[in-house]
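Novice: fold the following for me, if possible:
(chains A and B)
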Amino acid sequence: MKSKIKYLLTSVLFLILASNFLFGQTNDQCFTCHLDLDDANANLFKSDIHSSKGITCADCHGGDATSDDMEVAMSKEKGFFGVPSRIDRYQVCVQCHADKNKMKKFGSILPTDQYENLQNSIHFKPSFNNQGPIVDCITCHSIHDIKKVTDPTSKVYPTKITALCGSCHSSAEFMKQYNPALPIDQVSKYKSSIHGILNAKGDPNAAECVSCHGSHEIQPVKDSRSLVYATNIPSVCSNCHSDAKLMSKYKIPTDQFEKFVTSVHGVALLEKGDLSSPSCNDCHGNHGAIPPGVESISKVCGTCHVLNMELFEQSPHKKAFDENNFPECESCHGNHGIIYSTDEMIGTQESAVCMDCHSAEDDNKGFNVAGEMKKLIDSLKTEDSETKVILDEAVQKGMDVSDATFSLKDVRQVLIQSRTTIHSFNLEKFKEKIDEGFTIASKAKLTGEEAIDEFYYRRIGLGFSTVIVTLLVIGLYIKLKKVEKKS
Amino acid sequence: MEPIRKKNQNKFFSWLDERYNLTGLIDFAKKKSVPKFRETIWYYFGGIALLLFVVQVISGILLLMYYKGTEDLAFESVYFISTKVSFGWLIRSIHSWSANLMVLSVFIHMFSVYFLKAFRKPRELTWYTGIGLLAISMAFGFSGYLLPWNELAFFATKVGTDIVGEVPLIGEPILKLLRGGEDVTGATLSRFFGFHVAIFPGIFVILLTLHLLMIQRQGIAEPEDYKNLPPAEKKTIPFFPNFAMRELLIWLIVINILAILSVFFPWELGTKADPFTSAPVGIKPEWYFLFMFQLFKYLPGEILFLPGEFVGIFLFGIGGILWAIVPFWDKNSPEGKRNKLLTYFGIFVIIFIIVFTILGFILD
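Specialist: Numbering: from 1, shown residues only, chains lettered A, B, ... in the order given. The predicted structure is shown next:
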């Protein structure tokens, strides 16, 4: 009988323990008491993801969760240490979240590299008062009421993340302790952006801080490892903007990245690593990202192409474009897929963009100006290459024309400037610029021709002197023979 | 009309003769003769070297009008001479080509004197002054090479002076004396400029004067074979006008060659020296130092516990000294006998110089 009772008790105990393990119900005496005491943290912990996974208070605070005797449960002998120190409290999280096996035991599929990423990030640098890292797990995820990221009540849920990041990044008082030069207007700009507007409406797919900057692995923007480093931005944006399924909801095209990588800007940035070339954010803004309006396109392009913008704004095209609601630079050059501009874009031939609007029949003036500009630029290029041929010939003949060769480089400069002057669509102004090139080229050409003349002059001079000296030699030889015969 | 002119000429000659005894000089010149034999041709090379030295002096003075011997301006001034100054390119080219032809003529002159045994008694001092003139000619070349301050010259000077620095005991002080410090800098350029236009010309003119005076005083050397001929078989040609006219004829041909070389192969300037860049590939000294440079390349790092470069310098030092003091150790000299060892030694030296110079040009 005794053994039967013993067997029954053992079975009941096993069932209780097994059900606790399987259904997440723990025998957490700390939690039970603190709940009875109406402890705020215990109340929060009720809905904490960790609580549902059977993690007890003692798992983080030490002690014996099975004992209802406070003296025992919170005794040092049982390993109780209370509130973890600010300096290394993250270790409490790390002990499970960096351990694949433990996480598997809790049925989690979460990655276990968060700590490693965090350690390498800017946030994990020591805080100014040396009280641990600037940011640790608790700074963002909080304690006792940690929820799944996909839970709308989580502090790191997409629609809440902006406020969370802004709690530090929008505070001048806080930020000046670490980087006084860093702006603190990101959140307010974000709110004005299309991403921010959608996010405020509760759209979890709209990009927020983490979508672009990453989470645990955040690096300074100027660090090439950062997701928002200039050369990484196009692919970060394309994560969403090239996703046809995601974008279909917003009815926007998804070929921007594809076009950008082959564009003049994309090639310069991504292939040549030229950081002065624009990335997505340079035209669309970063935190305040929004497509530029038709009338502001020239302003956006003009942040780099200043002269082109100024000339365009004074040109007759400005008024016409405004009246017809034509996007300014984009009408001729395109947007994401801007290709290298060539002289074939101007003129009256089929490849010229001028012909998109102008034609010989409807518009004589615009048509003529386009044709004349093309003719002038072509003739300067011809003059430049002809001069180069003459200078090369002089060099081949061993003459020094380095000054002229050097000054001829200014023609290339004039050509660049004249291509900018095209944006004035003013023939007189354009001609004035082209004439500067002709003056330089003809001067260099003259120098080259003079050098070639000098080469032949030297040869002729040598010929004369050689003939004279040879005649003297012959004369002297005849005289010598006479003298020797005599003697 | 004719007699009056002749009368005036005679009057002018008498006026000069009364004061400077020109008749004496003319008598001396009339008596002066040159032995005529198979190897007479070699007698002309001393004269060619003299002509080229005169060309060097004249073209050098013309270059001095524009050249600036400082680190900042040397290259630019030579560039200015070559491109902007009227006939500057020609003067510079003539100076460079003439320098090379002069060193070549001096070498040929020296070897002809050596093989004809013209250094023997009583002309030992003429030989020594000649050796001095050869040394100064090479020093002229070495110092002048740096003056345009181009990349090639800069590094060649660095390598050249480095080798001097390897000479035991005196190497280091000589290196510092030449460079004006530890490295080749603007101070080296100033020094080389001073050597090239003041010190070397001064020494050269003194040695040349002594050399020519000795020749005038002792007459032109006669080879042993010629000397032993019976007086009736000894052919001579008068110095004036016959030999002088022949010399003039050769001078004119040399001037023609010089003009053709200068116009068809103008001397290149290269790029300005930059002491902070690494030495370019293919650094070579002037051709007359090339045989020494090439031998140094073949020497191993260590020969019998001694540094290779030291052994090289030692060998060249001993060889050079032996060559210079040949009148001293040529034991057959007083008897006027043949000395085959001397001839073989000379042939060995010529072959060595030619082979190593060719190797220096072909290889690397």
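
Novice: from here on, just use CA atoms for contacts and neighbour counts.
Specialist: Noted.

Novice: quickly list the domain ranges of chain A.
Specialist: A:19-83, A:369-486 (automatic domain parsing).

Novice: looking at this, residue A:182 is in a strand?
Specialist: No. Per DSSP: H, G, I helix; E, B strand; the rest coil, residue A:182 lies outside any strand segment and is coil.

Novice: what about it, how many neighbours?
Specialist: 12 (other CA atoms under 10 Å in any protein chain shown).

Novice: phi, psi of it?
Specialist: Main-chain dihedrals, residue A:182, degrees, to the nearest 10: phi -70, psi 130.

Novice: look up how far residue A:214 lies from the spatially closest residue to it that is not a sequence neighbour.
Specialist: Nearest residue to residue A:182, sequence neighbours excluded (CA to CA, 6 or more residues apart in numbering or on different chains): residue A:175, at 7.5 Å. Remark: distance between residue A:175 and residue A:214 (CA to CA, to the nearest Å) = 19 Å.

Novice: list the contacts of residue A:330.
Specialist: Going by CA atoms under 8 Å, 6 or more residues apart in numbering or on different chains, residue A:330 touches residue A:297.

Novice: same check, this time on residue A:170
Specialist: Contacts of residue A:170 by CA under 8 Å, 6+ apart are A:184-187.

Novice: of those, keep whichever come out buried.
Specialist: Neighbour-count burial (16 or more other CA atoms under 10 Å in any protein chain shown) applied to the contacts of residue A:170 gives A:184, A:186-187.

Novice: how near is the closest residue to chain A within the stretch 251-364 of chain B to residue A:471?
Specialist: Using CA to the nearest CA, the closest approach of the stretch 251-364 of chain B to chain A is made by residue B:256 at 6.0 Å. Distance from residue B:256 to residue A:471, counting by CA to CA: 11 Å.

Novice: again, but for residue A:264
Specialist: 69 Å.

Novice: look at these two and report which has more neighbours.
Specialist: Using other CA under 10 Å as the criterion, residue A:264 and residue A:471 rank with residue A:264 on top: 17 against 12.

Novice: surely that one and residue A:335 touch.
Specialist: No. Residue A:264 is beyond contact range of residue A:335, at 10.7 Å (criterion: CA atoms under 8 Å).

Novice: tell me where the chain has strands.
Specialist: Since you didn't name a chain, this refers to chain A. Read by DSSP state E, chain A holds no strands at all.

Novice: could you do chain B instead?
Specialist: B:33-35, B:236-238, B:302-303, B:306-307.

Novice: pick the most deeply packed of these.
Specialist: Mean neighbours per residue, mean count of other CA atoms under 10 Å in any protein chain shown, is largest over those for strand B:33-35, with a mean of 19.

Novice: okay, now the unreliable bits of the chain?
Specialist: I went with chain A, as the question did not name one. A:1-26, A:292-295, A:363, A:487 (pLDDT under 70).

Novice: try again with chain B
Specialist: Looking at chain B by pLDDT under 70, you get B:1-6, B:332-338, B:364.

Novice: phi and psi next, for the closest residue to residue A:141 other than its chain neighbours.
Specialist: Distances taken as CA to CA, 6+ apart put residue A:155 closest to residue A:141, at 6.3 Å, once the chain neighbours are dropped. Main-chain torsions, residue A:155, degrees, to the nearest 10: phi -70, psi -20.

Novice: so how far is residue A:45 from residue A:155?
Specialist: From residue A:155 to residue A:45 the distance is 15 Å (CA to CA).

Novice: before we move on, what about residue B:135?
Specialist: Residue B:135 is 100 Å from residue A:45, by CA to CA.

Novice: pick out whichever of these two has more residues nearby.
Specialist: residue A:45 (21 against 15).

Novice: gap between that one and residue A:438?
Specialist: On the measure of CA to CA, residue A:45 and residue A:438 end up 82 Å apart.

Novice: what's the answer for residue A:330, then?
Specialist: Taken as CA to CA, the span from residue A:330 to residue A:438 is 32 Å.

Novice: ok so, going back, got the domains of chain A as CSV, with distance to chain B columns?
Specialist: Converted to CSV, these look like this (distance: least, CA to the nearest CA, whole Å):
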stretch, distance to chain B
domain A:19-83, 63
domain A:369-486, 6
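
Novice: what's the burial count for residue A:155?
Specialist: 21.

Novice: which residues touch it?
Specialist: So residue A:155 contacts A:140-142, A:146-147, A:149, A:161, A:164 (CA under 8 Å, 6+ apart).

Novice: tell me the most packed of the residues you listed, by neighbour count.
Specialist: residue A:146 leads the contacts of residue A:155 on contacts (other CA under 10 Å) with 22 neighbours.

Novice: which non-adjacent residue is nearest it?
Specialist: Using CA to CA, 6+ apart, the nearest residue to residue A:146 is residue A:48, at 5.1 Å.

Novice: how many neighbouring residues does that neighbour have?
Specialist: 19.

Novice: before we move on, what about residue B:88?
Specialist: 20.

Novice: pretty sure it contacts residue B:78?
Specialist: No. Counting by CA under 8 Å, residue B:88 sits too far from residue B:78 to count as a contact (9.0 Å).

Novice: what does the stretch 251-364 of chain B put close to chain A?
Specialist: B:252-253, B:256, B:259-260, B:263 (CA under 8 Å from any CA of the partner chain).

Novice: now, which of those sits nearest residue B:339?
Specialist: Taking CA to CA as the measure, residue B:339 sits nearest to residue B:253 out of these, at 35.3 Å.

Novice: residue contacts, residue A:369?
Specialist: A:425-427.

Novice: closest to residue A:128 out of these?
Specialist: residue A:425 (57.9 Å).

Novice: give me phi/psi at the closest residue to the closest one other than its chain neighbours?
Specialist: Ranked by CA to CA, 6+ apart and with sequence neighbours excluded, the top spatial neighbour of residue A:425 is residue A:315, at 6.1 Å. The phi and psi values for residue A:315, taken as degrees, to the nearest 10, are phi -90, psi 160.

Novice: what's around residue A:315, how many residues?
Specialist: That count, for residue A:315 with other CA under 10 Å as the rule, works out to 16.

Novice: separation between it and residue A:327?
Specialist: 15 Å.

Novice: now do residue A:414
Specialist: 28 Å.

Novice: cool, and residue A:257?
Specialist: In terms of CA to CA, residue A:257 sits 20 Å off from residue A:327.

Novice: please apply the same query to residue A:334.
Specialist: With CA to CA as the criterion, residue A:334 and residue A:327 are 9 Å apart.

Novice: neighbour count: the two, which is higher?
Specialist: residue A:327 (19 against 13).

Novice: burial count for residue B:278?
Specialist: Using other CA under 10 Å: residue B:278 sits among 8 other residues.

Novice: can you list the contacts of residue A:369 in a markdown table and add distance to residue B:62 and neighbour count?
Specialist: Conversion of those to a markdown table gives the following (distance: CA to CA, whole Å; neighbours: other CA atoms under 10 Å in any protein chain shown):
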| residue | distance to residue B:62 | neighbour count |
| --- | --- | --- |
| A:425 | 58 | 20 |
| A:426 | 56 | 17 |
| A:427 | 54 | 17 |
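
Novice: so of the residues of the stretch 251-364 of chain B next to chain A, which ones are in helices?
Specialist: When DSSP state H defines the helices, the subset of these inside them is B:252-253, B:256, B:259-260, B:263.

Novice: can you list those residues in a markdown table and add neighbour count and distance to residue A:362?
Specialist: Compiled in a markdown table, these are given as follows (neighbours: other CA atoms under 10 Å in any protein chain shown; distance: CA to CA, whole Å):
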| residue | neighbour count | distance to residue A:362 |
| --- | --- | --- |
| B:252 | 20 | 80 |
| B:253 | 17 | 79 |
| B:256 | 20 | 74 |
| B:259 | 21 | 70 |
| B:260 | 18 | 69 |
| B:263 | 18 | 65 |
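
Novice: residue contacts, the residue in the stretch 1-150 of chain B that chain A sits nearest to?
Specialist: Residue nearest to chain A within the stretch 1-150 of chain B: residue B:83 (6.5 Å; CA to the nearest CA). When contacts are counted by CA under 8 Å, 6+ apart, residue B:83 touches A:400, B:89.
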